[in-house]
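**Q** here is my input; please provide its structure:
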Amino acid sequence: MATVMNPRTVGAGHERGERAPHTVSPPADIYETEKTYVVVADMPGVAPAGLSVEAERGTLIIRGRPERPATPPDYQEFELGEYYRAFALTEDLNTDGITAVLRDGVLRVEIPKSVQTQPRKIPVKTE
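**A** Residues are numbered from 1 along each chain as shown. Purely as a prediction, here's the structure:
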């Protein structure tokens, strides 16, 4: 499930000599539970309106655009860029059941496993 693809940014405006937006690959952790995979990605500065989470053609794609401060800082070390990350999804996942929650700059995406791949406890009868 967690095959990370190397994104390439192809921005509009290269023909006019404009600079493409800086793209940042947000750090992410992936956890496996009995019923789901959980992807947790740090995306500081991103509001729900600037976030896109899509599952298409076997790929989970996360994009985020941080809000720019109203007043530019007097000194800046942290460069805001557009977030992009893609993960390969295997066929044993239920992409229709994916949920995503953004809280305090941290995105949590839960991808349920299909029922056929979840462990099933077999009751044992005694005689």
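
**Q** tell me what the longest strand seen in the chain is packed against?
**A** Longest strand of the chain, by residue count under DSSP state E: strand 46-56. If you count contacts as 3 or more C-beta pairs under 8 Å, 6 or more residues apart in numbering; DSSP states H and E, strand 46-56 packs onto strand 59-66, strand 99-103, strand 106-112. All C-beta spots, glycine's among them, are computed from the backbone N, C-alpha and C.

**Q** cutoff 6 Å now
**A** strand 59-66, strand 99-103 (3 or more C-beta pairs under 6 Å, 6 or more residues apart in numbering; DSSP states H and E).

**Q** low-confidence stretches in the protein?
**A** The model of the chain has pLDDT under 70 over residues 1-21, 79, 118.

**Q** so can I have TSV of the helices and strands packed on strand 46-56 showing mean neighbour count and distance to residue 44?
**A** Formatted as TSV, those follow (neighbours: other C-beta atoms under 10 Å; distance: least, C-beta to C-beta, whole Å):
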stretch	mean neighbour count	distance to residue 44
strand 59-66	20	7
strand 99-103	13	11
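
**Q** ok, now which ones touch the most centrally placed residue in the chain?
**A** Nearest to the mean C-alpha position of the chain, by C-alpha atoms, centre = their mean, lies residue 62 at 3.8 Å. Counting by C-beta atoms under 6 Å, 6 or more residues apart in numbering, residue 62 touches 53, 85.

**Q** relative to residue 31, how far out is it?
**A** According to C-beta to C-beta, to the nearest Å, residue 62 and residue 31 sit 16 Å apart.

**Q** can you list contacts of stretch 37-55?
**A** 1, 26-31, 61-67, 83, 95, 98, 100, 102, 105-111.

**Q** so residue 55 bridges to which residues?
**A** Assessed by DSSP bridges, residue 55 has beta-bridge partners residue 60.
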